[in-house]
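K.L.:
Compute the structure for the input listed below.
(chains A, B and C)
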Amino acid sequence: MKMAIPTADGEFTAHYSEHGLAQLDFPGDQRPNVHDNQHVAQAREWHVLTTRAIEEILAGNDPAELPPFDLSRGTDFQRRVWDELLRIPAGHAKSYGEVAEAIGSPKATRAVGAACGSNPIPVIIPCHRVIAANGKRGGYSGAAGWKEKLLACEGAQLL
DNA sequence: ATTTACAATATGA
DNA sequence: TCATATTGTAAAT
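P.N.:
You can find the predicted model right below:
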């Protein structure tokens, strides 16, 4: 199930599976991913939540409500990372090391980076709020410019 | 099954 | 500044 999300910054594309939001793409950079299912009505409800959440984030606020995610592709470690990312409030940034420590493996900083890289739902799962240890930017797969843009939008404090 | 490469970091030279 | 060990995954051998 593929649905567009028009925003002031372009049209995002959300992909829904039968379990929830499975993937989110930046404007103009759609990854080919076809989810065919019959749960159209349910996907519409999720889509409302997704759209509202993205609008909040682009405005620099915390989304009040999120759609369910389909993390079938993720490992336990990755889910721990993503869950931790969701706890970062708007306008705040954590380093890879801090996230690694928060999930119980202080030395798995590199693994955290890998988990962020395989994050299927950018923006809502705020992988852009994860930065290198000394305020460096680190990377951002696919849409590098968005990291700075989103952080600037929130006025994030880069320690 | 083993090696390599990542969006990292701390340490030692 | 550069080399290396460390950690979890995925992809390539």
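K.L.:
count of neighbours near A:Arg44?
P.N.:
Residues lying near A:Arg44 (other Cβ atoms under 10 Å) number 12. Placement of C-beta: from N, CA and C, glycine included.
K.L.:
near DNA strand C, which residues of chain A?
P.N.:
Counting by Cβ under 7 Å from any atom of the strand, the residues of chain A lying close to DNA strand C are A:73, A:75-78, A:105, A:107-111, A:113-115, A:118.
K.L.:
Please pick the buried ones from those.
P.N.:
A:Phe77, A:Gln78, A:Ala108, A:Thr109, A:Ala111, A:Gly113, A:Ala115 (16 or more other Cβ atoms under 10 Å).
K.L.:
touching DNA strand B at all, the strand or helix carrying the last one?
P.N.:
Under the assignment given by DSSP states H and E, the secondary-structure element containing A:Ala115 is helix A:109-117. Yes. Against DNA strand B, helix A:109-117 shows contacts by Cβ under 7 Å from any atom of the strand at A:Thr109, A:Arg110, A:Val112, A:Gly113, A:Ala114, A:Cys116, A:Gly117.
K.L.:
Check the buried ones among the residues of chain A next to DNA strand C and tell me the two furthest apart.
P.N.:
Based on Cβ to Cβ, the longest span within those runs between A:Gln78 and A:Thr109 and measures 14.4 Å.
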